[in-house]
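Q: with the input below, show me the fold.
(chains A and B)
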Amino acid sequence: MTEEQKISVEVWSARASLNEPGELERCCRNWLGPGEWERALRFRQASSRNQHVVGRGMARRLLTQATLEEPAKIVLDWSDHGKPFIVSPRELIKPFNVTHTEGMVLVGIGNRGLIGIDVERLSRTPDIGLARRFFAAPEVDYVMGKSDPDARRAAFLRVWTLKESFIKAIGTGLSMPLADFAFERIDEPNPSVRMLRPGLAPATNWSFLTFSPADGYLAAIAIGEPGMPVEDAVPRPAGPHEWVLNRFENLLAADRSPIAPPST
Amino acid sequence: MSPAEIREEILDILGDIAPDENLDELVDDVSFREQMELDSMDFLDIVMELRKRHRVQIPEEDYGHLASMGSTVSYLEPKMRDIVKA
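A: Take a look at the predicted model:
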């Protein structure tokens, strides 16, 4: 694969406040588009409101980075299943995805391809019965094969974030039955997916990455390369595409710092 | 169950899934996700709980009907009208 064929993805993380809005939330509020603050006010929980504001504001700030465009003026829209996309300006159109959970927001931006991202708190205590009801059989075996309850919970969240990242990348949401595709090599940093129903996500080569954006959180990102059927794809080592994880708070700090005088 | 009883049942399930939310002010014609922190996992919890409690099966292609309280009650009414509220 040549350099120009590679998909490069930037993932940005931010720690949204659980209570009163802080500096991060105040900055992000300034970048919201028309009506977005009013929609944020519908959330009665401060934590939910903060996640919403940071997700939207942060995405707008990042999508307009290194341009003269004002973050609030970029026009975004959402598909029927909630996948966000840029409407205008057309020259800024690129794939991106947003995920948040209590105290953590992630935005993934790619130079091309399909991007889906999901983050969960490791302290979350999901109903493991969801695995039996909704996961594919090999994933159920993977989760239920863990004898220790904490390990089983972690295994569930690992599969869940991968499945969420995938359905977010293809933009179907939960209308795509979760048992129609199964993850393999789940414990590795770059798991792979196997379609269990013919015709799913055709002509797209998928790469996945599981990572921890901060202590106590687990995330997964799906990167889809359209036009390359899985069977025709060149076998690649783990980490086929370039990706980098950045802290959004560092960008904010750089925004605030004065321009250094030229050295003499 | 009447539409009002189905609504009460959904509120009861939401109360278990999101105990910190104040559900008294839930607006029926605004999507759940625009009012409360309800993610995909919570959503499947609702689907599973309806199945456990009332044997109501909801196929994936119908999940879009469960976006708001109003659309959920309309969708479930024919499926739950013969269920007697305990």
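Q: tell me which helix or strand comes right after the strand ranked longest in chain A.
A: Among all segments of chain A classified by DSSP state E, the strand with the greatest residue count is strand A:217-226. For strand A:217-226, the succeeding helix or strand toward the C-terminus, using DSSP states H and E, is strand A:242-247.
Q: which other helices and strands contact that next one?
A: Using 3 or more CB pairs under 8 Å, 6 or more residues apart in numbering or on different chains; DSSP states H and E, the elements in contact with strand A:242-247 are strand A:8-14. Just so you know, the C-beta spots here come from the backbone N, C-alpha and C atoms, and that holds for glycine as well.
Q: give me the contact list for the helix or strand following the strand it packs on.
A: Counting by DSSP H and E, the element after strand A:8-14 in chain order, helix or strand, is helix A:23-30. Contacts made with helix A:23-30 from outside it, assessed by CB atoms under 8 Å, 6 or more residues apart in numbering or on different chains, are listed as A:14-17, A:21, A:37, A:40, A:50, A:53-54, A:56-58, A:61, A:72, A:248-249, A:252, A:255.
Q: mind checking pLDDT for the closest residue to chain A within chain B?
A: Of all residues in chain B, B:E37 sits closest to chain A, with a separation of 3.8 Å (CB to the nearest CB). Looking at B:E37, its pLDDT is 82.
Q: that one: which element?
A: Taking DSSP H and E as the definition, one finds B:E37 inside no helix or strand.
Q: over to the one 10 residues further on?
A: Applying DSSP H and E as the criterion places B:V47 in helix B:40-54.
Q: buried residues in the helix or strand following that helix?
A: Next along the chain after helix B:40-54, taking DSSP H and E as the criterion, comes helix B:69-80. Taking 16 or more other CB atoms under 10 Å in any protein chain shown as the neighbour-count basis, helix B:69-80 is seen to contain the buried residues B:M69, B:S71, B:T72, B:V73, B:Y75, B:L76, B:K79, B:M80.
Q: what about the helices in the stretch 101-250 of chain A?
A: Along the stretch 101-250 of chain A, the stretches classed as helices by DSSP state H, counting those that start in this stretch are A:129-134, A:137-144, A:149-170, A:248-256.
Q: B:L11 is nearest to which of those helices?
A: Evaluated over the helices of the stretch 101-250 of chain A, closeness to B:L11 peaks at helix A:129-134, with 21.2 Å, by CB to CB.
Q: in that closest one, what counts as buried?
A: Buried residues in helix A:129-134, counting neighbours by 16+ other CB under 10 Å, are found at A:L130, A:A131, A:F134.
Q: roughly how far apart are the last one and chain B?
A: A:F134 sits 6 Å away from chain B, taking CB to the nearest CB, to the nearest Å as the criterion.
Q: cool, A:L245 as well?
A: For A:L245, the distance to chain B (CB to the nearest CB) stands at 22 Å.
Q: for that residue, give me its contacts.
A: Contact analysis of A:L245 by CB under 8 Å, 6+ apart lists A:V11, A:W12, A:S13, A:F211, A:P213.
Q: next, the contact list for the third one, please.
A: For A:S13, the contact set (CB under 8 Å, 6+ apart) comprises A:M104, A:V105, A:L106, A:P213, A:A214, A:L245, A:N246, A:R247, A:F248.
Q: now with 7 Å, please.
A: By CB atoms under 7 Å, 6 or more residues apart in numbering or on different chains, the residues touching A:S13 are A:M104, A:L106, A:P213, A:A214, A:L245, A:R247, A:F248.
Q: filter these down to the buried ones.
A: Under a neighbour-count criterion of 16+ other CB under 10 Å, the subset of those counted as buried comprises A:M104, A:L106, A:P213, A:L245, A:F248.
Q: rebuild the contacts of A:S13 as JSON lines, extending it with distance to A:G113 and pLDDT.
A: Below are those laid out as JSON lines (distance: CB to CB, whole Å; pLDDT from 0 to 100):
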{"residue": "A:M104", "distance to A:G113": "24", "pLDDT": "97"}
{"residue": "A:L106", "distance to A:G113": "17", "pLDDT": "98"}
{"residue": "A:P213", "distance to A:G113": "21", "pLDDT": "96"}
{"residue": "A:A214", "distance to A:G113": "26", "pLDDT": "96"}
{"residue": "A:L245", "distance to A:G113": "18", "pLDDT": "94"}
{"residue": "A:R247", "distance to A:G113": "24", "pLDDT": "96"}
{"residue": "A:F248", "distance to A:G113": "22", "pLDDT": "96"}
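Q: which one of those is nearest to chain B?
A: Top of the list for closeness to chain B, among the contacts of A:S13 and by CB to the nearest CB, is A:M104 at 12.6 Å.
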